[in-house]
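give the three-dimensional model of this entry:
(one chain, ligands or ions: 1)
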Amino acid sequence: MTPTSSPSANVAFAELGLGPELLTALTELGYEEPTPIQRAAIPQLLEGRDMLGLAATGTGKTAAFALPLLQVIETGASQPAALVLVPTRELAVQVAQAVHRYGKKRSVHVLPIYGGQSFQQQLKVLKRGVDVVVATPGRALDHIRRGTLRLGSLAVLVLDEADEMLDMGFAEDLEAIVAEVPAQRQTLLFSATLGPRISSIAAKYLSNPVEVRIEEEEDTDAVPLVRQTAYLVRRPHKLAALGRILDLESPDAALVFCRTRNEVDELVEALNGRGYRAEGMHGGMSQEERDRVMKKLRGGTVDLLVATDVAARGLDISHLTHVVNYEVPSAPKSYVHRIGRVGRAGREGVAITLAEPREHALLKNIERLTKQKITVTSLPTVADLRTRRLELTRASVREAIVEGELDRFRVVVEALSDEFDLFDIALGAVKMGHEATVPGSEDDDQEIPIEKPFREKKRGERIPAKGSRGQARGGGSTSLFIGLGRSAGVRPKDLVGAITGEAGVTGRQIGSIHISERFSLVEVADGVAEQVVQALRSGKIKGKKVTVRIDRGR
Ligand code: AMP
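Next up is the predicted model:
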């Protein structure tokens, strides 16, 4: 669809063979066009083919397998028609949510099952009848062995992030699960990497599969002169992070890319609420609405344009200084197109990308394609922002001095100089000017946790399976929110002491600790998260009862 076409959307999704119920769901979610992996995978999967899909998180792979699956399965039976196996609890929840959203109009019942959650609760829902189960292998096997998950009617089996599952030592569990599934089924295997182990399980479980991988030719000619920076930040902190970056960069005009229409609308609303001047542009808008927005942007009454790829494609904005990827684009090619909007006519442009820690692999793909470095760096700190704000004030004061015409203020300074030192009078005046003119309230300066790339490891390195089931099986970590921070005098050793003492877990099962003014975030091994939450809720930290919950960061 081009920016001038009708806003009725999803023509391209319809061309892939998806039915009206799914198309309506996609329109409601604000998806404007399929990503490359979706374009390649969906028609083949609708024909019932087995598939080996090579795609990382962030490419749209979940919809690539979930949409056809939702179209082909029979719903409403007493046993599940589809099983999606994923490596971690977070992914189970995330994939189940996606399946639920896509399948809403078909009344599909989906259940995530993973370790750490109550067995009884999962059992109750399984008994009521579930169409799609999204599970971590360990917990799926527990249910199969107890006879509470029966797979005799399964039509579709998906192994998602298979390389991660193998890295976590789930190979045997997968084998045992596949043995319970009818031989006559459709099997899909998605992996970010293709090594001998993936090839071997593909050969074992898939029957005459199509292989889908999005090979992109190198596109180095088109890559313009652009300073490329990425920040790793989880979704709940993205808005605050964007605000901080905008304050520091002070773009003259920036194009901010989101993936969906809904995200565009939400971000515009949020930015305007924070005092920025933003307008949105997406495929659901009429030509008059687009023209009105472009006029504002050209006239300088708006300096941030938030857009989807589809809507931005035909736009010509000459004075852009910054491109911001609020979401990492689902294909490296779109990244190149997006950043091509700045750095024209020999001027250096700036491209900024906010990536979730899990999307670090996508950034690497982009670097391979463009043969250019994306510098992954830390977000500006509160101290950086304050320094920047003071710089702005210094520049304004300097400008006022250079401009002159200060005589009429002399009487104020002279009157005060009887009582105060001249330097102090200057400080008082600067403070007033600073607080009155520099944007951004210091009360807004919340802490944003520093993120590391997700499970970054060297080529060929395996993450060893450890003794405890929590880590060996769960592998990943869960972030816990603890409602006590620096203001209560909390130090890392207090948190470690409380967790090891109250919950009986070992220090090795505790990961990074981030303490901010009023709360703390602590990473613990997936398998012990629930246990730690329960234990800390019934105990005290530094003599206080505190709020403790799983931080749904992702
Ligand atoms: P995944 O790679 O499956 O983790 O998907 C990454 C993100 O892209 C998710 O937030 C999806 O909701 C979103 N997404 C997937 N397909 C599309 C699409 N065609 N248009 C816009 N957003 C999408």
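
need the residues of this structure near the ligand, please.
Within the chain, the positions lying close to the ligand (C-beta under 6 Å from any ligand atom) are 31, 34-35, 38, 57-63, 259-260, 330. C-beta coordinates here come from the backbone N, C-alpha and C atoms, glycine included.

swap in 5 Å and give it another go.
Residues of the chain that fall close to the ligand, judged by C-beta under 5 Å from any ligand atom: 31, 35, 57-63, 259-260.

chain neighbours aside, what residue packs nearest to the closest residue to the ligand within the stretch 201-350 of the chain?
Across the stretch 201-350 of the chain, no residue is closer to the ligand than Arg259, which sits at 3.6 Å (C-beta to the nearest ligand atom). Closest residue to Arg259 apart from its sequence neighbours, by C-beta to C-beta, 6 or more residues apart in numbering: Glu327 at 4.7 Å.

got the buried residues for stretch 315-334?
315, 320-334 (16 or more other C-beta atoms under 10 Å).

which residues does the residue nearest to Arg259 contact?
Contacts for Glu327 (C-beta atoms under 8 Å, 6 or more residues apart in numbering) come out as 58, 257-259, 263, 354.

so it: helix, strand or coil?
Secondary structure, DSSP: H, G, I helix; E, B strand; the rest coil: Glu327 is coil.

Leu239 versus that one, what's the distance?
Note on Glu327: its distance to Leu239, by C-beta to C-beta, to the nearest Å, is 13 Å.

poorly predicted segments of the stretch 101-250 of the chain, please.
Within the stretch 101-250 of the chain, the stretches with pLDDT under 70 are 215-224.

name the residue of it that lies nearest to the ligand.
Closest to the ligand within the stretch 101-250 of the chain is Arg101: 8.2 Å, counting by C-beta to the nearest ligand atom.

could you find the closest non-adjacent residue to that residue?
Using C-beta to C-beta, 6+ apart and skipping the chain neighbours, the partner closest in space to Arg101 is Leu29 (6.3 Å).

so what's the one you found up against?
101-102, 260, 262.

could you rerun that using 10 Å?
63, 98, 101-102, 104, 259-263 (C-beta atoms under 10 Å, 6 or more residues apart in numbering).

least confident pick among these?
Within the contacts of Leu29, the minimum per-residue pLDDT falls on Lys104 (91).

now the residue most central in space within the chain. Nearest residue, chain neighbours left out?
Against the mean C-alpha coordinate of the chain, by C-alpha atoms, centre = their mean, the closest residue is Glu356 at 4.2 Å. Leaving aside its chain neighbours, Glu356 sits nearest to Arg234 (5.9 Å; criterion: C-beta to C-beta, 6+ apart).

returning to what we had before: looking at it, the residue nearest to the centre of the chain is touching Asn325, isn't it?
No - using C-beta atoms under 10 Å, Glu356 is not in contact with Asn325, being 11.8 Å away.

quick check: phi and psi on the residue nearest to Arg259?
Backbone geometry at Glu327, expressed as degrees, to the nearest 10, gives phi -130, psi 140.

pLDDT value on it, please?
On the pLDDT scale, Glu327 is placed at 94.

ok, Arg368 next?
pLDDT, Arg368: 87.

Val72 and Ser330, how far apart?
23 Å.

number of residues surrounding Leu427?
The local packing of Leu427 (other C-beta atoms under 10 Å) involves 12 other residues.

and the helix or strand encompassing it, what does it pack onto?
Applying DSSP states H and E as the criterion places Leu427 in helix 422-437. On a contact count with 3 or more C-beta pairs under 10 Å, 6 or more residues apart in numbering; DSSP states H and E, helix 422-437 meets helix 382-403, helix 410-417.

the shortest one versus helix 422-437: what angle between them?
Helix 410-417 runs at 120 degrees relative to helix 422-437, counting by axes from the mean of the first three to the mean of the last three C-alpha atoms, to 10 degrees.

contact partners of helix 410-417?
Residues outside helix 410-417 that contact it (C-beta under 10 Å, 6+ apart): 406, 420, 422, 424-426, 428-429.

and Glu33, what are its phi and psi?
In terms of degrees, to the nearest 10, the main-chain angles of Glu33 are phi -160, psi 160.

now it. Nearest residue, chain neighbours left out?
Ala12 (4.8 Å).

ok so, going back, shared neighbours of Glu327 and Leu239, anything?
Shared contacts of Glu327 and Leu239, defined by C-beta under 10 Å, 6+ apart, are found at 267, 354.

thought Arg338 was touching His322?
No - judged on C-beta under 10 Å, Arg338 makes no contact with His322 at a distance of 11.2 Å.

could you pull out the residues contacting both of those two?
Counting by C-beta under 10 Å, 6+ apart, the shared contacts of Arg338 and His322 are 255, 351.

following element in sequence after the strand or helix carrying Tyr102, please.
Tyr102 is located in helix 89-103, with elements delineated by DSSP H and E. Proceeding N to C from helix 89-103, the next assigned helix or strand is strand 110-113, under DSSP H and E.

helices or strands next to that following strand in the packing?
By 3+ C-beta pairs under 10 Å, 6+ apart, strand 110-113 packs against strand 82-85, helix 89-103, helix 119-128, strand 132-135, helix 137-146.

export the ones you listed as TSV, with columns for mean neighbour count and distance to Gly17.
Shown next, in TSV, are the helices and strands packed on strand 110-113 (neighbours: other C-beta atoms under 10 Å; distance: least, C-beta to C-beta, whole Å):
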stretch	mean neighbour count	distance to Gly17
strand 82-85	27	18
helix 89-103	21	15
helix 119-128	13	31
strand 132-135	28	20
helix 137-146	19	30
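
quick one: furthest residue from the center of the protein?
Distance-from-mean max, the chain, by C-alpha atoms, centre = their mean: Asp418 at 59.0 Å.

pLDDT score for that one?
Asp418 carries a pLDDT score of 92 in this model.

so what's the backbone phi/psi at it?
phi -60, psi -30.

what about it, distance to the ligand?
As judged by C-beta to the nearest ligand atom, to the nearest Å, Asp418 and the ligand stand 65 Å apart.

re the thing from before, tell me which of the contacts of Leu29 is nearest to Val505?
For these, the residue nearest Val505 by C-beta to C-beta is Ala98; the value is 31.1 Å.

okay, and the residue nearest to the closest one when sequence neighbours are not counted sits in which element?
Nearest non-adjacent residue to Ala98, counting by C-beta to C-beta, 6+ apart: Thr62, 4.8 Å away. Element membership for Thr62, per DSSP H and E: helix 61-72.

can you give the distance of that helix from its chain's centre?
Computed by C-alpha atoms, centre = their mean, to the nearest Å, the chain-centroid distance of helix 61-72 equals 20 Å.

repeat that for stretch 166-183.
Counting by C-alpha atoms, centre = their mean, stretch 166-183 comes out at 29 Å from the chain centroid.

what about that stretch, start to end distance?
Terminal residues of stretch 166-183 are spaced 22 Å apart (C-alpha to C-alpha, to the nearest Å).

kindly export stretch 479-486 (C-alpha atoms) in PDB.
In PDB, the C-alpha atoms belonging to stretch 479-486 read as follows (Å, rounded to 0.1, in the frame of the first residue of the first chain):
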ATOM      1  CA  SER A 479      13.200  -9.500  37.000                       C
ATOM      2  CA  LEU A 480      11.600  -8.900  40.300                       C
ATOM      3  CA  PHE A 481      10.400  -5.500  41.500                       C
ATOM      4  CA  ILE A 482      11.000  -4.800  45.100                       C
ATOM      5  CA  GLY A 483       9.400  -1.700  46.500                       C
ATOM      6  CA  LEU A 484      12.300  -0.500  48.500                       C
ATOM      7  CA  GLY A 485      15.200   1.600  47.200                       C
ATOM      8  CA  ARG A 486      18.100   3.900  48.000                       C
END
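
mean confidence score for that stretch?
Mean pLDDT, computed over stretch 479-486, is 85.

next, the buried residues of it.
The neighbour-count check on stretch 479-486 (16+ other C-beta under 10 Å) flags 479-482, 484-485 as buried.
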